[in-house]
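Engineer: Sequence and predicted structure are below.
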Amino acid sequence: MSPPCNAITVVVVDDDTSFRSGLAANLEDDGHVVGQYDDPKAVPPDLLQRAQVVVTDYHMAETDGLTFADNVHAVWPQAAIVLATAYWTVEIEAAVAARSFVALCRKPIDYDDLHELMHRMVTGA
């Protein structure tokens, strides 16, 4: 388990229920405020505007994570976005590299690495 830290407001968007709920539970156990959704369209806009970090899947039924990341960034450019994917390709890596507001994580995600990444993204450290 990660060390205690300042609470971060996190939105987790993934159509894989077990990944989404497991990640949300880990984040909540560490004291973060978490909203979880299976569909990007279901995330309330006011929650996106309060979120410090958005963790989303690349491959979802209704949209892809990069499109969602772009939409989030347009509404709330301060949010840090973590794109999680089991479909790691050079094209995805290049697309993420072109977006300074997105970090890429390979599934299965190491929770401690994600936790550290989120804090770096939020604090700029």
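Structural biologist: Received the coordinates, thanks.
Engineer: residue contacts, the nearest residue to residue 122 once chain neighbours are set aside?
Structural biologist: Computed as Cβ to Cβ, 6 or more residues apart in numbering, the closest residue to residue 122 that is not its neighbour in sequence is residue 52, at 5.1 Å. All C-beta spots, glycine's among them, are computed from the backbone N, C-alpha and C. The contact partners of residue 52, taken as Cβ atoms under 8 Å, 6 or more residues apart in numbering, are 8-10, 78-80, 122.
Engineer: The residues you listed in helices, which ones?
Structural biologist: residue 122 (DSSP state H).
Engineer: taking the contacts of residue 52 one by one, which sit in strands?
Structural biologist: Among the contacts of residue 52, the members found in strands (DSSP state E) are 9-10, 80.
Engineer: Buried ones in stretch 31-47, by neighbour count?
Structural biologist: Residues of stretch 31-47 classed as buried: 32, 34-38, 40, 43 (neighbour count, 16 or more other Cβ atoms under 10 Å).
Engineer: Need the residues that contact that stretch.
Structural biologist: Residues contacting stretch 31-47 (Cβ under 8 Å, 6+ apart): 4-5, 7-15, 17, 20-21, 23-24, 27-28, 51, 56, 60-63, 68, 71, 75.
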